[in-house]
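K.L.:
Take a look and give me a structure for this.
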Amino acid sequence: MSGADRGLDEVAGLETDRALLGRTSTAERVADILRDRIAEGYFPPGTRLSEESIGGALGVSRNTLREAFRLLTHERLLVHQLNRGVFVRVISVADLDDIYRVRRLVECAALRTADLERPGALDAVEAAVVAGERAAQERSWQELSTANIRFHQALVALAGSPRTDELMRGVLAELRLVFHVMDDPRRFHEPYLTRNRRILEALADGEPARAQDLLTAYLDDSQRQLSGAYAELVGGEREA
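P.N.:
Alright, predicted model coming up:
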């Protein structure tokens, strides 16, 4: 199936998001919806986004949709190809390295500064861990990947900074594009479920330093695996 065909299949799901626009149908809100869809894996890298199909599904004008595309292009999630249209961006090895550089700076700092005494501080973190474990039991690997993204969003939210939350939404959406290089998402994501649970337990025990150490090792291993997959992909393309 081509990227264009995949894109048309997934556009139908956007109709359920139409109600979210309400009376405040703006380019920023459309961008929010599309960003979330990218983060959830609905639009794989290289997918062409049809203005007509997406605009019709969301009930927005072409100008509004084009502005949303422009915003997401600025966030490095989309790319405009002359005379071809707008496509979900394919992440490079250099992008991968930079994504993980930002993740270490932001996620580890969020754990260091987390207010763990606040009632319900860890609710979102725990919910993401449970969602991931449930997805694994149900063998729903796309949902498992989404739960993992939500886990890291919840870690960053512990910093209590809306600006940091906004920054990481884009970074983690880019990360989801990276996940598509893994041929076996179960083999990649499932081992991290236990590590997510251990980070949650360290935070629940009031040990953010231990949680940070666990997260640092986690990010190192994750980057190493993804970099290896990229190397194999590039090598295979060259041989072909």
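K.L.:
Roughly how far does the closest residue to Phe43 other than its chain neighbours sit from Gly46?
P.N.:
What sits nearest to Phe43 in space, not counting adjacent residues and going by Cβ to Cβ, 6 or more residues apart in numbering, is Val88, at 4.9 Å. The C-beta positions use only the backbone N, C-alpha and C, and glycine is treated the same way. To Gly46, Val88 is 6 Å away according to Cβ to Cβ, to the nearest Å.
K.L.:
what's the spacing between the strand or helix carrying Ala147 and its chain's center?
P.N.:
Element membership of Ala147, judged by DSSP states H and E, is helix 141-157. A distance of 8 Å separates the centroid of the chain from that of helix 141-157, by Cα atoms, centre = their mean, to the nearest Å.
K.L.:
And the contacts of that helix?
P.N.:
39-41, 103, 106-107, 110-111, 124-125, 127-129, 131-132, 135-136, 164-165, 168-169, 172, 175-176, 179, 185-186, 189-190, 192-193, 196, 199, 215 (Cβ atoms under 8 Å, 6 or more residues apart in numbering).
K.L.:
between Val88 and Gly46, who's got more neighbours?
P.N.:
Using other Cβ atoms under 10 Å, the more surrounded residue of Val88 and Gly46 is Val88, with 25 against 17.
K.L.:
Looking at that one now. What's its pLDDT?
P.N.:
At Val88, the predicted lDDT confidence score is 93.
K.L.:
Tell me the bridge partners for it.
P.N.:
Leu78 (DSSP bridges).
K.L.:
How much space separates Gly41 from Leu111?
P.N.:
For Gly41 relative to Leu111 (Cβ to Cβ), the value is 26 Å.
K.L.:
From the neighbour counts alone, determine which of those two ranks first.
P.N.:
Leu111 (25 against 19).
K.L.:
Run through the residues that contact that one.
P.N.:
155, 158, 203, 208, 211-212, 215.
K.L.:
How about stretch 131-144, which residues are buried there?
P.N.:
For stretch 131-144, the neighbour count (16 or more other Cβ atoms under 10 Å) marks 131-133, 135-136, 141, 143-144 as buried.
K.L.:
Tabulate those in JSON lines, adding columns for distance to Asp98.
P.N.:
Output for the buried residues of stretch 131-144, formatted as JSON lines (distance: Cβ to Cβ, whole Å):
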{"residue": "Ala131", "distance to Asp98": "28"}
{"residue": "Gly132", "distance to Asp98": "26"}
{"residue": "Glu133", "distance to Asp98": "30"}
{"residue": "Ala135", "distance to Asp98": "28"}
{"residue": "Ala136", "distance to Asp98": "29"}
{"residue": "Trp141", "distance to Asp98": "26"}
{"residue": "Glu143", "distance to Asp98": "27"}
{"residue": "Leu144", "distance to Asp98": "25"}
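K.L.:
May I ask which of those comes out lowest in pLDDT?
P.N.:
Trp141 (84).
K.L.:
Just give me the neighbour total for Gln212.
P.N.:
Quick note: Gln212 (other Cβ under 10 Å) scores 20 neighbours.
K.L.:
now swap in the one 3 residues further on and tell me
P.N.:
By other Cβ under 10 Å, 24 other residues sit near Leu215.
K.L.:
burial measure for Ser89, as a count.
P.N.:
Careful, residue 89 is Arg; it's not Ser. Arg89, neighbours per other Cβ under 10 Å, totals 20.
K.L.:
right, and it touches Leu177 too?
P.N.:
Yes. Judged on Cβ atoms under 8 Å, Arg89 makes contact with Leu177 at a distance of 6.6 Å.
K.L.:
Touching both of these two, which residues are there?
P.N.:
45, 77.
K.L.:
Can you list the buried residues in the longest helix seen in the chain?
P.N.:
Longest helix in the chain, counting residues (DSSP state H): helix 208-239. Neighbour-count burial for helix 208-239, counted by 16+ other Cβ under 10 Å, picks out 208, 210-212, 214-215, 218-219, 222-223, 225-227, 229-230.
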